[in-house]
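> structure for the following, please:
(one chain, ligands or ions: 4)
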Amino acid sequence: MSINWLRFVCPSLKKPPLFHLCHLPPPPPPSSAVIVAMSYDKELAAAKKAASLAARLCQKVQKALLQSDVQSKNDKSPVTVADYGSQALVSFVLQQEFPDNFSLVAEEDSKDLRKDGGQEIVERITKLVNDSLTIDGSYNVTLSTEDVLKAIDNGRSEGGSQGRHWVLDPIDGTKGFLRGDQYAIALALLDGGKVVLGVLACPNLPLTSLSDAGRHSPNNKVGCLFFAVVGGGTYMQPLDGSSAVKVQVSAVENPEEASFFESYEAAHSMHDLSSLIAQKLGVKAPPVRIDSQAKYGALSRGDGAIYLRLPHKGYREKIWDHAAGCIVVSEAGGVVTDAAGQPLDFSKGKYLDLDTGIIVTNQKLMPLLFNAVRKSIQEKASSL
Ligand SMILES: Nc1ncnc2c1ncn2[C@@H]1O[C@H](COP(=O)(O)O)[C@@H](OP(=O)(O)O)[C@H]1O
Ligand SMILES: [Mg+2]
Ligand SMILES: [Mg+2]
Ligand SMILES: [Mg+2]
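Residues are numbered from 1 along each chain as shown. Ligands and ions are numbered 1, 2, ... in the order given. Just a heads-up that it's a prediction; the model follows:
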């Protein structure tokens, strides 16, 4: 199995804390104004379909990967046939559903695939995508390798504050995917620079809480689809399509009873800083380290109460790593801010322009968490 390797890098500080939801609606209009409720029904149905199809493609590849035991210890950010296949598939489905108004900001591009020696991998990706489309049966097409490369490159939009843009991470947590652990297909819709819809497919996330005893039992089914539309709450359903349930973040108010999530990869978040924060809060449980936006999904249903993401200096967060997760948590009653207490701003293009770190919890715990984060960051800086 061929695997190409990519890498990324690089953040800032400002303004007083606000504790807003990340997609906070504008202030209410005067009572005489006509309120037009925006419906995103068609977009939600398309996003769920695209993410579920992509999840199936990824599951197939992950199974083959694990069986053939192809893994790597290279610590650069990886990209696999499944990342490309997932992006091509989601891009194709969305373009079919919204041919007149289609803009996609997505993580991957076809540059490496078009290089010498890339043909074999492109053929594999094309086969995976066509197999997925055949199983689905809604589109009577067979894509060529060039169609697949174009579908991948249709994710080159820059996003921004005007109009609608889909935001896709075709596999978030590629390192987790390669290890056989957690990963997510994360798809969101921006409208006027705000996240209005998010879907998170988490093929390896147990349907029952991560905090439940016996979660490693072979009977514990995995595969969750979280979805949220602005103002409509957050729902979770099994990836196999059975019915959805509304979910809520944890109601824990006492930080000693809170458990928290952080990245599995220490390079993605400073584990020493989160331990200091946990210590200040009096959190008793050890951190739960998992890959990808599955953390946002798990938090939205109350598996844990806090998610801390504190990247090393210089790392710039990309919108596709947080857009879907942010609305999934905030519609479930949670709060997502940067380390300065500001809501995340998805309107500035591919990157989030934020103060070092992202903090996520429920509304009751946020003030305590925010203070602990600020104090810990100051202490760490003065000890250097
Ligand atoms: N040095 C770094 N610091 C912070 N995040 C990083 C990073 N290197 C990669 N990432 C991002 O972390 C994401 C995975 O998040 P997590 O740590 O929550 O699993 C990666 O997404 P991809 O796997 O889509 O590339 C990548 O965008
Ligand atoms: Mg990546
Ligand atoms: Mg990612
Ligand atoms: Mg990715």
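> going forward, measure contacts and count neighbours with C-alpha atoms only.
Fine.
> just checking, what packs against the longest strand seen in the chain?
Longest strand of the chain, by residue count under DSSP state E: strand 194-206. In terms of contacts (3 or more C-alpha pairs under 8 Å, 6 or more residues apart in numbering; DSSP states H and E), strand 194-206 is packed against helix 41-68, strand 184-191, strand 222-229, helix 294-300, helix 323-330.
> switch the ones you listed over to CSV; also include mean pLDDT, mean neighbour count and distance to ligand 4.
Converted to CSV, the helices and strands packed on strand 194-206 look like this (pLDDT from 0 to 100; neighbours: other C-alpha atoms under 10 Å; distance: least, C-alpha to the ion, whole Å):
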stretch, mean pLDDT, mean neighbour count, distance to ligand 4
helix 41-68, 93, 19, 12
strand 184-191, 98, 29, 8
strand 222-229, 98, 25, 17
helix 294-300, 98, 30, 13
helix 323-330, 98, 32, 13
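> still on that earlier bit, what strands line up against the longest strand of the chain, and which way round?
strand 184-191 (antiparallel), strand 222-229 (antiparallel) (DSSP bridges).
> say whether ligand 1 is contacted by that strand.
No. Strand 194-206 does not reach ligand 1 (C-alpha under 6 Å from any ligand atom); its nearest approach is 12.2 Å.
> any residue of that strand touching ligand 4?
No. On the criterion C-alpha under 5 Å from the ion, strand 194-206 is out of touch with ligand 4, staying 12.7 Å away.
> ok now that strand, how far from the chain's centre?
6 Å (C-alpha atoms, centre = their mean, to the nearest Å).
> any bit of it sitting next to ligand 3?
No. Strand 194-206 does not reach ligand 3 (C-alpha under 5 Å from the ion); its nearest approach is 11.9 Å.
> report the mean confidence score over that strand.
Regarding strand 194-206, the rounded mean pLDDT is 98.
> ok, now which ones touch the residue lying closest to Lys284 once chain neighbours are set aside?
Counting by C-alpha to C-alpha, 6 or more residues apart in numbering, Lys284 lies nearest to Glu256, which is 5.6 Å off, once chain neighbours are set aside. Applying C-alpha atoms under 8 Å, 6 or more residues apart in numbering to Glu256 gives the contacts 281-284.
> which among the residues you listed end up buried?
Neighbour-count burial (16 or more other C-alpha atoms under 10 Å) is assigned, among the contacts of Glu256, to 281, 283.
> for the contacts of Glu256, give me CSV that also has pLDDT.
As requested, these are exported to CSV (pLDDT from 0 to 100):
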residue, pLDDT
Leu281, 97
Gly282, 96
Val283, 95
Lys284, 92
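> mind putting the contacts of Glu256 into TSV with distance to Ala339 and secondary structure?
Below are the contacts of Glu256 laid out as TSV (distance: C-alpha to C-alpha, whole Å; DSSP: H, G, I helix; E, B strand; the rest coil):
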residue	distance to Ala339	secondary structure
Leu281	16	helix
Gly282	19	coil
Val283	19	coil
Lys284	22	coil
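> re earlier: and of the strands paired with strand 194-206, who's closest to ligand 3?
For the strands paired with strand 194-206, proximity to ligand 3 was assessed by C-alpha to the ion; strand 184-191 is nearest, at 8.2 Å.
> helix, strand, or coil at the nearest residue to Ser274 once chain neighbours are set aside?
Using C-alpha to C-alpha, 6+ apart and skipping the chain neighbours, the partner closest in space to Ser274 is Leu308 (6.8 Å). Under DSSP: H, G, I helix; E, B strand; the rest coil, Leu308 falls in the strand class.
> right, I'll leave it there.
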